[in-house]
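# Here is a sequence with its predicted model. Questions after.
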Amino acid sequence: MRNSFIIYLLLVFISNFVLAQQPNPDILKGIVFSESKNFSLKSGFTENQDYASWDIIYQRLQLEVDPAVRYIKGQITSHFRNKSEDLAQIEFDLHNNLIVDSIYYRNKKTAFTHSANKITIPFETPPAASLTDSVTIFYQGIPPDNENGFGSFSQTMQTGNAVPIIWTLSEPYGAMEWWPCKQSLVDKIDSTDIIVTSPKPYRTASNGILLSETVNNGMRIMHWKHRYPIATYLVAIATTNYVDYTDTLKLDDGRQIDILNFVYPQNIELARLKTKATVGIMDLFNRLVGEYPFAAEKYGHAQFGWGGGMEHQTMSFMYNFEFDLVAHELAHQWFGDYITLASWHDIWLNEGFATYMTGLAYENLLDGKWWPVWKKLNMERITSAPGGSVYVPDTTNVSRIFSSRLSYSKGAYLLHMLRWVLGDESFFEGLRNYYNDPEIANGFARHEQFVHHMETAGDTSLISFFNDWYYGEGFPVYSLQYSSTGSSEYILTLAQSTSHPSVDFFEMPVPVRAYNAEKTDSMDFRLDHTTNNQEFLVMTGFNIAELKIDPDYWLVSQTSEILKAPLPETAKEFKVFPNPVTGEITFHIPGTQKIQSVGIFNLQGQKIAGPIIGHSALNLAYLPAGTYILRVTTSEKQYVSKITKQ
């Protein structure tokens with residue numbers, strides 16, 4: 001899902017980037033107010049713990065709506081399979097505002113209760129284990145006004161036109177506000193048919209393929225068939241006076257994927273121009289991750305009235321068709337729909353992934369010109385506040401779940417940093433392996449399953465990385481000092497503080513770029529930062545005039561200062577001999593200073609030996625040939641020298 005102020009902020013930023021203007025402070029104030037207001041939205045919904053004991057394998061939704069009237073009437077038939085030995089009852093979620101007229105079980109009217117937003121259907125005799133059975137619920141009424149989501153069932157007018165529209169948006173807890181369902185993250189509906197009757201002037205968009213469209217006695221009936229597993233919150237309808245057209249992606253093997261667009265009549269010409277981008281974006285995602293998961297049916301867009309987008313399976317609902325929104329909702333078909341989060345705690349598996357896939361679209365398409373803009377925008381959003389984890393601790397706070405700063409931007413940047421740590425080859429291998437994992441295909445995924453695939457692809461442990469960046473809060477603030485040793489060699493001293501006390505130190509490879517005075521030459525270094533005030537010896541081939549930390553926005557971080565400083569020792573004060581050395585090395589400290597510690601470091605700043613207390617001679621025979629840093633700390637100062645081991 002993509003909300004309006006994220007899209008709008010991106011467009012404002014790009015516009016300002018092109019025109020070299022400052023952002024309008026009034027616009028930013030409005031965004032801040034909107035976000036703070038949204039953070040008050042809470043939900044009391046709790047998933048039924050018994051839902052794992054029975055499995056919905058098919059649902060047929062027969063619905064009647066009129067876009068001019070806020071009302072729904074329906075007949076929902078659910079085929080289910082018992083997974084336990086003593087299933088005494090089943091429950092469906094349905095808001096108390098809606099009236100249940102009757103329920104049929106095995107073709108007979110059956111008893112039920114409807115209270116606390118739950119329909120309970122008891123069984124006189126528990127169904128046999130593994131038996132497939134069915135119930136049909138007849139209901140009607142006026143859905144409540146958006147208690148558990150972002151407009152669960154909305155009856156409004158088209159933007160800029162006095163034509164009514166009804167649309168649904170059930171994420172995260174809103175499906176129960178318009179149809180009796182099993183609102184669950186443990187059980188996908190294996191297959192659906194959605195049949196919507198409305199007055200003749202109106203047409204309905206929904207999941208799957210359009211099986212039939214008929215008109216009878218002034219009423220239009222549209223039948224959508226979907227034969228892939230689908231999470232309850234991704235089932236949707238939108239009804240208004242749609243017109244439609246199709247874009248097509250042709251695959252290398254001769255197949256094609258239809259991209260069906262349902263749009264307002266007054267927007268069709270602009271929409272035709274905008275939605276063409278979907279073809280190139282889908283082709284890119286196919287190559288980066290794997291083939292579009294619902295290729296046997298379709299992908300599509302349906303225009304609706306909420307100021308953003310929602311990734312309803314096989315047909316995203318769209319406020320407009322801007323590149324960013326199109327890419328984001330399309331990416332969700334892989335990450336969010338085909339693979340769905342198993343807990344709202346892990347919303348980044350949906351939103352962080354879709355946001356980063358949008359970034360990859362900017363990197364690889366449109367000549368890559370907006371990729372630096374995308375990174376800068378998200379970096380500024382993340383670091384605009386000092387705390388906040390990607391992990392969602394409170395899943396009753398709907399707006400915390402969908403925090404643009406944490407779930408979207410920081411979630412996306414978690415992936416971007418993981419790519420930096422692992423390298424492109426291992427990162428994309430892990431991403432593809434996650435997508436192709438048969439245990440989560442068409443199902444639900446946990447955060448740990450993704451981590452496993454990334455650790456396997458990178459042949460490394462990522463425990464510390466995710467402890468810092470997923471569960472931890474904040475980001476590092478770097479400072480850098482550099483000193484010349486002569487002959488275009490420099491000692492870099494890298495330090496960090498953290499913006500939030502939950503993480504005391506972020507162990508990360510830090511990219512640093514050095515420039516000469518004319519900026520006609522530059523060199524990149526990857527500093528493996530494992531301790532504070534860590535020293536690195538680098539060789540540039542030119543005199544450094546300027547250093548930049550993370551110039552290409554690989555890390556969530558800020559830079560405090562970069563200073564040029566003299567070396568702490570001079571040749572007259574501190575003598576090391578012999579140098580080069582094959583065995584024992586001796587150093588001389590001026591005066592009567594007391595040696596506190598001695599350390600030997602490699603050029604990556606990693607400690608090879610030390611601290612050694614009180615010695616003025618060291619045996620280095622055990623070290624392999626190479627260049628090292630000797631650091632001696634006394635009661636008065638610190639001395640550093642480069643040594644060569646032969």
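Received the coordinates, thanks.

# secondary structure element for Gly430?
Following DSSP states H and E, one finds Gly430 within helix 424-435.

# ok, and what's touching that helix?
Helix 424-435 is contacted by residues 288-290, 334-335, 338-339, 418-419, 422, 440, 445, 449-450, 453-454, 456-459 when judged by CB atoms under 8 Å, 6 or more residues apart in numbering. (C-beta placed from N, C-alpha, C; glycine too.)

# I'd like to know which of the residues you listed are buried.
Buried subset of those (neighbour count, 16 or more other CB atoms under 10 Å): 288-289, 334-335, 338-339, 418-419, 422, 440, 445, 449-450, 453-454, 457-458.

# Next step: the residues you listed restricted to helices.
Leu288, Leu418, Arg419, Leu422, Gln449, Phe450, His453, Met454, Ala457, Gly458 (DSSP state H).

# of these, closest to Val556?
Nearest to Val556 among these is Leu418, at 11.7 Å by CB to CB.

# Would you confirm that that closest one contacts Met454?
Yes: using CB atoms under 8 Å as the test, Leu418 is close enough to Met454 to be in contact (6.3 Å).

# Now list whatever residues contact both of these two.
Taking CB under 8 Å, 6+ apart as the criterion, Leu418 and Met454 both touch Phe427, Leu462.

# rewinding a little: could you pull out the buried residues of the helix holding Gly430?
Ser426, Phe427, Phe428, Glu429, Gly430, Leu431, Asn433, Tyr434, Tyr435.

# from those, which single one is nearest Trp554?
Closest to Trp554, out of all of the buried residues of helix 424-435 and judged by CB to CB, is Phe427, at 12.1 Å.

# Could you tell me the model confidence score at that closest one?
With respect to pLDDT, Phe427 scores 98.

# mind checking how far it is from Leu494?
Distance of Phe427 to Leu494, given as CB to CB, to the nearest Å: 24 Å.

# Same check on Gln534?
Using CB to CB, one obtains 5 Å as the distance from Gln534 to Leu494.

# Give me the pLDDT value at Trp153.
One correction, residue 153 is Phe, not Trp. So Phe153 comes in at 96 (pLDDT).

# Next: Asn24.
34.

# Repeat that for Ile491.
As predicted, Ile491 sits at a pLDDT of 89.

# Can you report how many residues neighbour it?
Neighbour count for Ile491, taken as other CB atoms under 10 Å: 22.

# Which stretches in the stretch 501-646 of the chain count as helices?
Per DSSP state H, counting those that start in this stretch, the stretch 501-646 of the chain carries no helices over any range.

# Would you pull up how far stretch 332-346 lies from the middle of the chain?
Here the centre of stretch 332-346 is set off from its chain's centre by 10 Å, with CA atoms, centre = their mean, to the nearest Å.

# And stretch 617-625, by the same measure?
49 Å.

# And it, what's buried?
Per 16+ other CB under 10 Å, stretch 617-625 contains these buried residues: Leu618, Leu620, Leu623.

# From what I see, the second one and Lys645 are in contact.
Yes: Leu620 sits in contact with Lys645 when judged by CB under 8 Å, with a separation of 5.7 Å.

# what touches both of the two?
Joint contacts of Leu620 and Lys645 (CB under 8 Å, 6+ apart) are Val581, Tyr628.

# All the helices of the stretch 201-350 of the chain, in order from the start?
Using DSSP H, counting those that start in this stretch, helices in the stretch 201-350 of the chain cover 268-275, 277-288, 323-332.

# what angle sits between the longest one and helix 424-435?
Think helix 277-288. 100 degrees (axes from the mean of the first three to the mean of the last three CA atoms, to 10 degrees).

# if we take the buried residues of stretch 617-625, which one ends up nearest to Ser522?
Leu623 (31.9 Å).

# Spatially nearest residue to the closest one, not counting backbone neighbours?
Leaving aside its sequence neighbours, Leu623 sits nearest to Lys645 (CB to CB, 6 or more residues apart in numbering; 4.9 Å).

# got a list of what the one you found touches?
Lys645 neighbours (CB under 8 Å, 6+ apart): Pro580, Val581, Thr582, Leu620, Leu623, Pro624, Ala625, Gly626, Thr627, Tyr628.

# so it bridges to which residues?
Beta-bridge pairing for Lys645 (DSSP bridges): Val581, Gly626.

# returning to that earlier point: make a markdown table from the buried residues of helix 424-435 and add distance to Phe475 to it.
Converted to a markdown table, those look like this (distance: CB to CB, whole Å):
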| residue | distance to Phe475 |
| --- | --- |
| Ser426 | 23 |
| Phe427 | 20 |
| Phe428 | 25 |
| Glu429 | 27 |
| Gly430 | 23 |
| Leu431 | 23 |
| Asn433 | 28 |
| Tyr434 | 25 |
| Tyr435 | 28 |
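
# measure Ile56 to Ala231 for me?
Plainly put, Ile56 is 11 Å away from Ala231 if you go by CB to CB.

# Now for those two: what residues contact both?
Ile189.

# burial measure for the closest residue to Asp50 other than its chain neighbours, as a count.
Using CB to CB, 6+ apart and skipping the chain neighbours, the partner closest in space to Asp50 is Glu91 (7.1 Å). Neighbour count of Glu91, defined by other CB under 10 Å: 17.

# Can you read off the pLDDT for Glu91?
The pLDDT attached to Glu91 in the predicted structure is 96.

# mind listing what it touches?
Counted by CB under 8 Å, 6+ apart, Glu91 has contacts Asn48, Asp50, Tyr51, Lys118, Ile119, Thr120, Ile121.

# just checking, next helix/strand downstream of the helix or strand of the chain with the lowest mean pLDDT?
The element with the least model confidence among the helices and strands of the chain, by mean pLDDT, DSSP states H and E, is helix 25-38, at a mean of 33. Using DSSP H and E, the helix or strand that follows helix 25-38 in sequence is strand 54-66.

# just how off-centre is that following strand within its chain?
30 Å.

# now swap in stretch 387-407 and tell me
12 Å.

# Now do the end-to-end distance for that stretch.
13 Å (CA to CA, to the nearest Å).

# now do stretch 103-114
Distance across stretch 103-114, first residue to last, is 11 Å (CA to CA).
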